[in-house]
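Novice: quick check, what structure comes out for this input:
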Amino acid sequence: SESDKIIKEGYSLVHALVATKNTNALRRVLQAGAKPNIYPLSDKLEEKITPLVLAAKVRHLNSIRALVEKSDADILNAKGPLGENVLHAAVENNSGEIVEYILKVSQNALLEKTDNKGATPLHYACITGRTRLITLFVKDRHASISPHDNKGATPLHYAVRHRQLKAVATLIELGACPNDSIPKQMPTPLDLAKSGGFENIADYLKRAGGKTTKELERGSITKKKSSSIFSGESSGSSDMSSANKSIKHYLQMKTTQILKGK
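Specialist: Numbering: from 1, shown residues only. Here you go, the predicted model:
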């Protein structure tokens, strides 16, 4: 049956009621003392999920409300198999209503929390180009616009990698740096766009001031050379000044000697 496909082996009663979206029964078992933060009895990593995150994944706000309001579900530490929290799950499944509710009850505390790969909910929003959520997180809730995941990738990198031009444009308009990179670890967003053949994104980044890693390195070398030249000129000017003083002193001494000889 359809229920058998939804309910995984090892699910607790709470998990099963969330998965089948049976809110009335869920409220009753929670009021009877069922544990809201339990993990399934399963050895499979992909099934290691708390009821709250499962509710976000199946896009069921009533289950989330029951877990939060009728029990002591730990909204800040609820996790999925990849370390994702309930806000990650809501973003991933494009449920704006759940996102708004989670932000409200958590007081924005999950915005900067990361999954096992170091990705924030903003990174997730950029994977699928959720521009409304990107704006909500950055502009309205003041989330960091360029957090780095474990490999050094920012949300802008994610948007480029997943060919989300509108997300790229939204991030740039909100103030994301087009050249965020880590030498020998993470290339610039323009590098990613060019290597992936995403011409429209590459063109947009160029117009926004985006550069490749090589262009940034050349710019850095040019600046160093310019600095050295100016430093050398300053040093040369100092040497010339000393030389002029020595010559002046020599001429004054010779003039005195000549005058005395007379």
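Novice: got the contact list for the residue nearest to Ser95 when sequence neighbours are not counted?
Specialist: Nearest non-adjacent residue to Ser95, counting by CB to CB, 6 or more residues apart in numbering: Arg59, 4.7 Å away. For the C-beta atoms, the positions are set from N, CA and C on the backbone; glycine is no exception. Residues counted as contacts of Arg59 (CB atoms under 8 Å, 6 or more residues apart in numbering) are Asn93, Ser95, Ile98.
Novice: tally of neighbours for the first one?
Specialist: Spelled out, that is Asn93. When neighbours are counted by other CB atoms under 10 Å, Asn93 registers 15.
Novice: for burial, what's the neighbour tally of Asn116?
Specialist: Neighbour tally, Asn116, other CB under 10 Å: 12.
Novice: who touches the closest residue to it other than its chain neighbours in this structure?
Specialist: Spatial nearest neighbour of Asn116, excluding adjacent residues (CB to CB, 6+ apart): Gly83 at 3.5 Å. Contacts were defined as CB under 8 Å, 6+ apart; by that measure Gly83 touches Thr114, Asp115, Asn116, Lys117.
Novice: residues contacting the second one?
Specialist: Under the criterion of CB under 8 Å, 6+ apart, the contact list for Asp115 reads Leu82, Gly83, Glu84, Asn85, His88.
Novice: can you pick out the most distant pair from those residues?
Specialist: Distance extremes for the contacts of Asp115: the farthest pair is Leu82 and Asn85 at 10.3 Å, using CB to CB.
Novice: wait, is the residue nearest to Ser95 part of a helix?
Specialist: No: using DSSP: H, G, I helix; E, B strand; the rest coil, the secondary structure at Arg59 is coil, not a helix.
Novice: how close does it get to Val86?
Specialist: As defined by CB to CB, to the nearest Å, Arg59 lies at a distance of 12 Å from Val86.
Novice: over to Arg130?
Specialist: Counting by CB to CB, the gap from Arg130 to Val86 is 16 Å.
Novice: who's more crowded, the two?
Specialist: Comparing Arg130 with Val86 by other CB under 10 Å, the one with more neighbours is Val86, at 35 against 24.
Novice: pLDDT wise, what is the more buried one at?
Specialist: pLDDT, Val86: 99.
Novice: got the contact list for it?
Specialist: So, once contact is read as CB under 8 Å, 6+ apart, Val86 ends up touching Leu52, Val53, Ala55, Ala56, Ile64, Ile75, Ala78, Ile102, Leu110.
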